[in-house]
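Asks: Turn this into a structure:
(4 chains)
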Protein chains: 2
Amino acid sequence: MPRLDESLLTGLPPFARLGRPEIREILDQAASRRYDEGAAIFREGHDAETFFLLLDGYVRVARTTADGDQVVVLHIAPGQLFGIAPALRRDTYPATASAAAECIALAWPVQLWHDFAARYDGFAAETYRTVGQRLGEIQGTLTQLATQAVEQRVADALLRMANQSGRKTDAGIEIAFPVTRQNISEMTGTTLHTVSRLLSAWQKAGIVRSTRKHIVITAPHRLVELGSAGGPES
Amino acid sequence: MPRLDESLLTGLPPFARLGRPEIREILDQAASRRYDEGAAIFREGHDAETFFLLLDGYVRVARTTADGDQVVVLHIAPGQLFGIAPALRRDTYPATASAAAECIALAWPVQLWHDFAARYDGFAAETYRTVGQRLGEIQGTLTQLATQAVEQRVADALLRMANQSGRKTDAGIEIAFPVTRQNISEMTGTTLHTVSRLLSAWQKAGIVRSTRKHIVITAPHRLVELGSAGGPES
DNA sequence: GCTGAACGTTGCTCTTCCACAAACTTCCGG
DNA sequence: CCGGAAGTTTGTGGAAGAGCAACGTTCAGC
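Replies: Numbers count the residues shown, from 1 in each chain, chains lettered A, B, ... in the order given. Next up, the predicted model:
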C-alpha cells in the first residue's frame, strides 16, 4: 500500500491543531478504502468496528423502516468524519451509510477513537462540534418535514445539497454527486412521482436544469423563495 | 438556601461512578431552580450559560419555525441532563426548553462542564451516551414523519410518552404530565383538529380515555397495532 | 357565582399529494 | 447493436388530512 501523504489531513478541523509527526502517526494507522457508487459502507444495526474520514466523494446516511422504506437523514461531504458511533458510546451503527458517488475514505478501528481523543488536542472537541452540527441539521429537517409543504421541502433539499456540495458552473450551481428523484423523495418524505413533477415544472420555469441523476440549479434565488416561505407574497 | 442532599444524584448515570465527596462537590456548585408549568427554561438561539439536570417534572424541547409554528423535538424525564450545548461545543441553545409540568432542576454554569468532564469519571461518557440516544430518537421521529400516516404517528407519540413517563393506574397507563391536543399535533406534524378526532375515535373504541390535558391509555396493545404497521393485516 | 381565557369537539369544504398505471429515455453490458 | 435495467415522465382518480367555522367545556381569578 502506498504511504499516505500528510497533506490529506492537514487543514481538516479534527486535525487542525496537530503537527506533522502526529498526523503521520494517525495516517500510519489508517486504512484507505474505495467504494463504488451505491456501495454500502456500513449498515444500520451492525457492530461499529470502524470509523471513517471521507477524503473524496459523497456519502449518504439513511435509515430503513420496518416496511422497507428508506429515509435519507443527511449527506457527508469530503473532509468530514463519519461512522463516529464510538464518540456517542454506541457499539452499533445507528444508520446505514452508502456511497452517493464513488468514495475514498480513511478507516480506523474504533478502539483508536479513544486514543485519538485522549492524545490529540482538538480532536474530540471538533468531533463533538460535528455531532452538534449534524444534530442541528437533523432537527432542521424534522422541523421542515413537520411544518412545510412538499414543494418547499423539495426546494430546500435541493438548496441544502447545493450549499453543501455545489460546484459553480456557467449554467448555475451544480449538485456535485448523482441524485435520483427517488433519492430526493427519500430526503423529503414524498414520492419520486411528485419530485419528478416538481422538477419538470421548475425546469419549464427556468429554475433548474436536470438530466438523469444530475441537477443544475440555474436560478437559486427563485428556489429560495419557494423554500423559505411559499410563493412570493402579494 | 437549604443544602441539597446527596441522594439526589446517587444512582443517576452521569454520577454513577462517583463517591459521596465528589457528589458533594458537584452539588455545592449547583443552583436549584423551580419552573411553573409552561415556563420557559431556555430559548433557542440564546447564549448557553447554564446546563441542567432535571430532578422532577417534565421538560418539552421544541423548535420554532420562521412562521411561528412549534415543533416538539423530544421530552426530558427526571434524572436526565439537558441544555448540554457545551458538550457539543455550541455556545447557543439549539432549541427551546419549557416545563411541561412543574419542574425542579439543578443548574450549573457552562464553564463547569469541562471541569466535570475532566475531573469526574464517567461523566462525559454518560453525557455522550445520552446525546447518542437523543440523536437516535430524533432520527426515529424523522423517519416516522417521513413514512407513516398521521394516525400511526399520533399512536406512536402517545406510546412514546407512555413509555417514557407512564404511570400504571387501575384504568391503564397514564401519561404523567399535562398534554394538550395542540402539543400532540406539534409532536406529530399535524393539526390539533386531527388529533382531537383521533382521540375521540379511540375513546369510542375503548383504547384511551382522555380529559383536559390528561390522557390514559387503556388498551396499549391496540395502540401498538395502530402505530407499528397500520390496521391489523388480514 | 361570573367572566374570560384556554382547551376541546365536530361538521363541512377543499386542496394536496399519494397510488396506480403505462410509456419513454438513458445507460450499460454482452 | 441489442436488450434489459434503471431512471424518468405524465395522466387519472381518490383519499387523507388541512383549513375554516362554530360551538361546547373546563378552569382559574376576581
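
Asks: Enumerate the residues of chain A near DNA strand D.
Replies: Contact residues, chain A versus DNA strand D (Cβ under 7 Å from any atom of the strand): A:180-182, A:192-193, A:196-197, A:199-200, A:203, A:210, A:212-213. Backbone N, C-alpha and C define where each C-beta goes, glycine included.

Asks: Can you name the residues that contact the residue most central in space within chain A?
Replies: Nearest to the mean C-alpha position of chain A, by Cα atoms, centre = their mean, lies A:H75 at 1.5 Å. By Cβ atoms under 8 Å, 6 or more residues apart in numbering or on different chains, A:H75 lies in contact with A:58-61, A:100, A:161, A:164-165, A:177.

Asks: how much space between it and DNA strand C?
Replies: A:H75 sits 21 Å away from DNA strand C, going by Cβ to the nearest atom of the strand, to the nearest Å.

Asks: Secondary structure class of that residue, three-state.
Replies: Under DSSP: H, G, I helix; E, B strand; the rest coil, A:H75 falls in the strand class.

Asks: Which of the helices or strands spans A:F51?
Replies: strand A:50-56 (DSSP states H and E).

Asks: what packs against that strand?
Replies: strand A:81-82, strand A:103-109 (3 or more Cβ pairs under 8 Å, 6 or more residues apart in numbering or on different chains; DSSP states H and E).

Asks: Domain map for chain A?
Replies: A:6-144, A:150-228 (automatic domain parsing).

Asks: can you list these in TSV and add mean pLDDT?
Replies: Below are the domains of chain A laid out as TSV (pLDDT from 0 to 100):
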stretch	mean pLDDT
domain A:6-144	95
domain A:150-228	95
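
Asks: With B:E37 as the reference, name the closest of these.
Replies: domain A:6-144 (24.1 Å; Cβ to Cβ).

Asks: circling back to that earlier point, from the contacts of A:H75, pick the one nearest B:P13.
Replies: Distance to B:P13, by Cβ to Cβ, is smallest for A:V61 among the contacts of A:H75, at 27.2 Å.

Asks: Compute the inter-axis angle for the one helix or strand the closest one maps to and strand A:103-109.
Replies: Per DSSP H and E, A:V61 falls inside strand A:59-64. Using axes from the mean of the first three to the mean of the last three Cα atoms, to 10 degrees, one finds that strand A:59-64 and strand A:103-109 are set 70 degrees apart in direction.

Asks: Could you confirm whether any residue of the helix or strand that contains A:L142 contacts chain B?
Replies: Per DSSP H and E: A:L142 is located in helix A:123-147. Yes - using Cβ under 8 Å from any Cβ of the partner chain, helix A:123-147 reaches chain B at A:125, A:128-129, A:131-132, A:134-136, A:138-139, A:141-143, A:145-147.

Asks: and the helix or strand that comes right after that helix, what other elements does it pack with?
Replies: Once helix A:123-147 ends, the next helix or strand along the chain (criterion: DSSP H and E) is helix A:150-165. Contacts defined by 3+ Cβ pairs under 8 Å, 6+ apart place helix A:150-165 against strand A:70-76, helix A:123-147, strand A:172-175, helix A:181-188, helix A:192-204, strand A:214-217, helix A:220-228.

Asks: 10 Å instead, please
Replies: If contacts are counted by 3 or more Cβ pairs under 10 Å, 6 or more residues apart in numbering or on different chains; DSSP states H and E, helix A:150-165 sits against strand A:70-76, helix A:123-147, strand A:172-175, helix A:181-188, helix A:192-204, strand A:208-211, strand A:214-217, helix A:220-228.

Asks: quick one: buried residues of the third one?
Replies: Same thing as strand A:172-175. When burial is assessed from 16 or more other Cβ atoms under 10 Å in any protein chain shown, strand A:172-175 yields the following buried residues: A:172-175.
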